[in-house]
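Q: Sequence and computational prediction follow.
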Amino acid sequence: MSRSLNLILLMMQSSLQRLQISFWGRWDYGFPGSKLRFRRYPFPYPLHGPVSQVYLTQWRGFRMALSLLRVPALQADFRHGVRMLRGLQSEAVVQLVGFCTQDDLLLTEFHPLGTLANVERVLESWGHGKDSRTRLAIATSYVSVLAFLHASPLGTRVMCDSNDLPKTLSQFLLVEQPGVVANDLDALPNTQSHMNGTQAKGVHCGFQPIVGDFAAPEQRWAPNSHHPPPAYDEKTDIWKIPAVTDFVLGNGPGSDIVRLHLFEVHRRCKLFNPEMRPPAAVVLHRYTTVYRELLRDEL
């Protein structure tokens, strides 16, 4: 999708006014002196959650993802996601095309490869199913997204929609570089917040008990407890890195060698004390070093 198209749409979004919505699924939106018409189609892969429903749409040959608020009670979450997309535009985040707050509508770049959960199928289709270097490149891209979010222009952000592996994989879209971009940003709290005039540090990811080994120890509720644990920070994302990378690497030739190179940094990621875990930037540096070593060994 051209950057010029995105710039035009984003510049004009402030004057976007709803003109007509028919029961046949056609969405007509008007800009000054023109009309922008969308038709929505079923999305080619599952990409929806409790907050929004996602459709595939086209405009002048450009395919885009159209997200609509699914549950009115979750409007605050939907609009938080829009604010995050606006403030975090970078190579680490899916590209924002336009939005309309009046109708809780969001347009983003369409990525046909789907979520990170599809990595095995996508690599097989590329003929790279047994290429550990390509798999490491994707894992490195995932860590780079975390490093960006933890030092973002909007503060230190924690990926709260990541309490199990399938949910975590669904937060990232595969791109052809190869790599990933963060897509679902409606649960991305800041570790620094202000309440009633006082500054608070740390987050709680939802109000439901968090259990299971995938989640960081400090996130898990005590057995039979009705009270959440103390607030935690971005080091919960660090705990989950080894599990996500293990999924991406698979069991093909060379994967054990990559795991061996990453063993020490992964050991530190899994330290019980979150303060002892390395920051995402340090993990990224190690991943990048290992990737370069693999390239050098192939020469």
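A: Yep, it's here.

Q: Low-confidence stretches in the stretch 101-250 of the chain?
A: With pLDDT under 70 as the threshold, the stretch 101-250 of the chain has low-confidence stretches at 194-199.

Q: can you map out the helices along it?
A: Across the stretch 101-250 of the chain, reading from the start of the chain, the helices by DSSP state H, counting those that start in this stretch fall at 119-126, 132-150, 165-170, 235-249.

Q: Identify the residues contacting the helix or strand harbouring D77?
A: In the assignment (DSSP states H and E), D77 maps to helix 75-87. Contacts with helix 75-87, where a contact means Cβ atoms under 8 Å, 6 or more residues apart in numbering, come from 51-52, 69, 93-94, 96, 99, 101, 104, 106, 108, 152-154, 157, 184-188. Placement of C-beta: from N, CA and C, glycine included.

Q: Repeat the analysis, applying 10 Å as the threshold.
A: Defining contact as Cβ atoms under 10 Å, 6 or more residues apart in numbering, one finds that helix 75-87 is touched by 10, 13, 49-52, 67-72, 74, 93-97, 99-101, 104-106, 108, 149, 152-155, 157, 182-189.

Q: Throw the helices of the stretch 101-250 of the chain into JSON lines and include distance to S255, thanks.
A: As requested, the helices of the stretch 101-250 of the chain are exported to JSON lines (distance: least, Cβ to Cβ, whole Å):
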{"stretch": "helix 119-126", "distance to S255": "12"}
{"stretch": "helix 132-150", "distance to S255": "5"}
{"stretch": "helix 165-170", "distance to S255": "17"}
{"stretch": "helix 235-249", "distance to S255": "4"}
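
Q: now those helices as CSV including distance to F263 and mean neighbour count?
A: Formatted as CSV, the helices of the stretch 101-250 of the chain follow (distance: least, Cβ to Cβ, whole Å; neighbours: other Cβ atoms under 10 Å):
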stretch, distance to F263, mean neighbour count
helix 119-126, 21, 16
helix 132-150, 14, 22
helix 165-170, 20, 17
helix 235-249, 9, 22
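
Q: Please name whichever of these is nearest to K201.
A: Put simply, out of those the one that sits nearest K201 is helix 235-249, at 12.5 Å, with distance taken as Cβ to Cβ.

Q: Now the helix or strand following that closest one: buried residues?
A: Proceeding N to C from helix 235-249, the next assigned helix or strand is helix 255-269, under DSSP H and E. Neighbour-count burial for helix 255-269, counted by 16 or more other Cβ atoms under 10 Å, picks out 255, 258, 261-262, 265-266, 268-269.

Q: And the furthest pair within those residues?
A: Pairwise distances among those were taken by Cβ to Cβ; the largest, 20.4 Å, belongs to S255 and R268.

Q: Sweet, I'm off.
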